[in-house]
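In: model this:
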Amino acid sequence: IYVPDVEFNDPLNSFKGIDKYKDNVDMLGGRTLLGMFAFDQTNLKIHDIKQESDRTLVTRWTMEFRFKLLPWKPTVVFTGISKYTLNDNYKVLKHEDYWDSVNIGPDGTYVKMPLVQGLKDFVAQLFSNQVAPAFSSTYSPVSSSSSSSSSSSSSSSMAGEMPYTLLRRGENGYQVRSYPGYVAAQVSSYSKRSEAWEQLGNYAAQVNIRPFAPSIMEIERRGGGGGG
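Out: Predicted coordinates:
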């Protein structure tokens, strides 16, 4: 589906040729010598495919992988779009990747940026301890100083964060996530936060559901002080 001299561009790479293109894909998949040493747990999910014109396709995706060359083996996450330009035989002439964290211009459109910007984003993730996983399918423990250690029902109401798929990872920690459907419970009568947590925890135990954090609270202010 690619022409022999297919062109590829993303914030970290720029090259031409089907062999280099295949090597790049195989590297991320751990199927080359460098890939076996540097990458594993590569996960790519396509969220959307659009035909912008008769010769242009655009996909939206999320990708993550683990970088094994560092002792702490950090997870790296990218989200963005791929633009495919086709020839008259509908084979790919050019494949251009744009990252949400690098290529979004002031007007909100995707623009090309110097390769150093992509390198900065990649390196920043390697040395950050705040990179959230792209695909959360397990219960992530959440701690809270407001949870009462003497109340098991209160602490259970902060059991974990809802599973999600990361749709967009932008600059400065900006994220767009997709969450599954959920059932919401509301507590309307309480004077302290700990009382609300206890009521929610008791309800969750009675109906046998696993609560998630964060929960949404509306705190009424009274006389200039906090309501919680």
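In: name the residues that touch stretch 82-98?
Out: 1-3, 6-11, 21, 52, 55-59, 61, 80-81, 104, 110 (CB atoms under 8 Å, 6 or more residues apart in numbering). For glycine as for every other residue, the C-beta is placed from the backbone atoms N, C-alpha and C.
In: swap in stretch 34-53?
Out: Contacts for stretch 34-53 (CB under 8 Å, 6+ apart): 26-30, 57-69, 75, 83, 134-135, 165, 167.
In: again with stretch 111-120
Out: Applying CB under 8 Å, 6+ apart, the set of residues contacting stretch 111-120 is Asn9, Asp10, Pro11, Leu12, Asn13, Ser14, Trp99, Val102, Asn103, Ile104, Gly105.
In: out of those, which are buried?
Out: Buried residues within the contacts of stretch 111-120, counting neighbours by 16 or more other CB atoms under 10 Å: Asn9, Asp10, Pro11, Leu12, Trp99, Val102, Asn103, Ile104.
In: how about the strands in this structure?
Out: 2-9, 14-16, 39-53, 56-67, 75-86, 92-99, 135-136, 164-169, 175-178 (DSSP state E).
In: okay, these in CSV with distance to Ala184 next?
Out: Shown next, in CSV, are the strands of the chain (distance: least, CB to CB, whole Å):
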stretch, distance to Ala184
strand 2-9, 44
strand 14-16, 48
strand 39-53, 25
strand 56-67, 26
strand 75-86, 27
strand 92-99, 34
strand 135-136, 19
strand 164-169, 16
strand 175-178, 17
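In: which stretch in these has the least confidence?
Out: When the strands of the chain are compared by mean pLDDT, strand 135-136 comes last with a mean of 75.
In: could you list every helix and strand in contact with that one?
Out: Strand 135-136 sits against strand 164-169, with contacts defined as 3 or more CB pairs under 8 Å, 6 or more residues apart in numbering; DSSP states H and E.
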